[in-house]
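Novice: Sequence first, then the predicted structure:
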Amino acid sequence: MPEEIKISLFEVVGSSICVASGDGQKVYNRITTALSNDRCVVLSFQNVTILTAAFLNSAIGQLYGVFSEEKIRSLLKVENIEQDDLALLKRVVDNAKLYFRDPKKYNEAIQEVLGDEA
């Protein structure tokens with residue numbers, strides 16, 4: 001079995017503040033490369049002090065539009081994550097799974113609620 005790939009959010013972002021979706025995209029690109037090659041990824045939250053849903057949506061949420069839930073669950077692990085950040089990650093993942101199950105329906109529902117604001 002190939003050696004696992006460890007991705008440090010702190011190292012990729014260059015800061016303990018993980019808030020920007022652009023930084024999340026950098027993490028997503030690394031995860032996608034590894035998962036595409038059936039490599040196990042350990043995502044380290046060591047030294048992360050601020051984390052947002054926008055960052056996690058970019059880094060992890062959009063994986064559910066490319067890979068199966070089973071593949072993500074079996075190959076992506078997290079470590080050194082604070083309990084409140086883990087709860088945020090769970091919400092992001094749950095929302096991503098709902099969205100990617102039927103994006104058209106989800107977008108139509110948003111459009112219906114927001115109307116011309118969207």
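Specialist: Alright, I've got the coordinates.
Novice: counting contacts, what elements does the lengthiest helix in the chain pack onto?
Specialist: Identified as the longest helix of the chain according to DSSP state H is helix 83-101. Packing partners of helix 83-101 (3 or more CB pairs under 8 Å, 6 or more residues apart in numbering; DSSP states H and E): helix 53-59. For the C-beta atoms, the positions are set from N, CA and C on the backbone; glycine is no exception.
Novice: What helices and strands are in contact with the helix it packs on?
Specialist: helix 21-36, helix 83-101.
Novice: Which residues does residue 50 form beta bridges with?
Specialist: On the basis of DSSP bridges, residue 50 is bridged to residue 17.
Novice: Go through the longest helix of the chain and flag the buried ones.
Specialist: Neighbour counts over helix 83-101 (16 or more other CB atoms under 10 Å) mark 85, 88-89, 92-93, 95-96, 99-100 as buried.
Novice: Equivalent analysis for stretch 49-66, please.
Specialist: Result for stretch 49-66 [16+ other CB under 10 Å]: buried residues 51-64.
Novice: Make a markdown table from those residues and add pLDDT and distance to residue 3 to it.
Specialist: Shown next, in a markdown table, are the buried residues of stretch 49-66 (pLDDT from 0 to 100; distance: CB to CB, whole Å):
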| residue | pLDDT | distance to residue 3 |
| --- | --- | --- |
| 51 | 97 | 27 |
| 52 | 97 | 31 |
| 53 | 96 | 31 |
| 54 | 96 | 31 |
| 55 | 98 | 27 |
| 56 | 98 | 26 |
| 57 | 97 | 29 |
| 58 | 97 | 26 |
| 59 | 98 | 22 |
| 60 | 98 | 22 |
| 61 | 97 | 26 |
| 62 | 96 | 25 |
| 63 | 98 | 21 |
| 64 | 97 | 25 |
